[in-house]
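> Provide a 3D model corresponding to the input given below.
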Amino acid sequence: MNNKEFLEKLSNATELPAKEMQHLSGMFSSLIADTLEDGDVLTVQNFGNFEVKKKLERIVVNPSTKQRMLVPPKLAMSFKPGAAIKEKFKNK
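Here you go, the predicted structure:
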């Protein structure tokens, strides 16, 4: 499902116009980004948790040249699904 199809389904389910649903979707993603940028964890009940995790510096090896390289530390966004979503997939 692409973004357009997703927004159409949300629009039909909520009986809101597609333009308004697109605006709400943009606001939601901006809110997630702003919250994570501040270093907070965002918990959406019955959906899951969004958080930023720090990946440590590590050494990797290029398999073809056997050259070792240092990968610098970085921040990565993480999503952990909530119990309701996990339960739906568990029963399938």
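
> strands along this structure, start to end?
42-44, 48-55, 58-61, 68-71, 74-81 (DSSP state E).

> for residue 3, find the nearest of these.
Comparing the strands of the chain by their distance to residue 3 (Cβ to Cβ), the top pick is strand 74-81, with 17.1 Å. Every residue, glycine included, has its C-beta placed from N, CA and C.

> what angle do the closest one and strand 48-55 make?
150 degrees (axes from the mean of the first three to the mean of the last three Cα atoms, to 10 degrees).

> pull out the buried positions in strand 74-81.
For strand 74-81, a neighbour-count test (16 or more other Cβ atoms under 10 Å) marks nothing as buried.

> contacts for it next, please.
Identification of contacts with strand 74-81 by Cβ atoms under 8 Å, 6 or more residues apart in numbering yields 36, 47, 48, 49, 50, 51, 52, 53, 54, 55.

> swap in stretch 83-92?
46, 47, 48.

> now do that stretch, average pLDDT.
Throughout stretch 83-92, pLDDT has a mean value of 83.

> list only buried entries from the contacts of stretch 83-92.
Neighbour-count burial (16+ other Cβ under 10 Å) applied to the contacts of stretch 83-92 gives residue 48.

> residue 2: which of the contacts of strand 74-81 is nearest?
Nearest to residue 2 among the contacts of strand 74-81, with distances taken as Cβ to Cβ, is residue 47, at 20.1 Å.

> what is the burial count for the nearest residue to the closest one once chain neighbours are set aside?
Nearest residue to residue 47, sequence neighbours excluded (Cβ to Cβ, 6 or more residues apart in numbering): residue 82, at 5.3 Å. Residues near residue 82, counting by other Cβ atoms under 10 Å, number 14.
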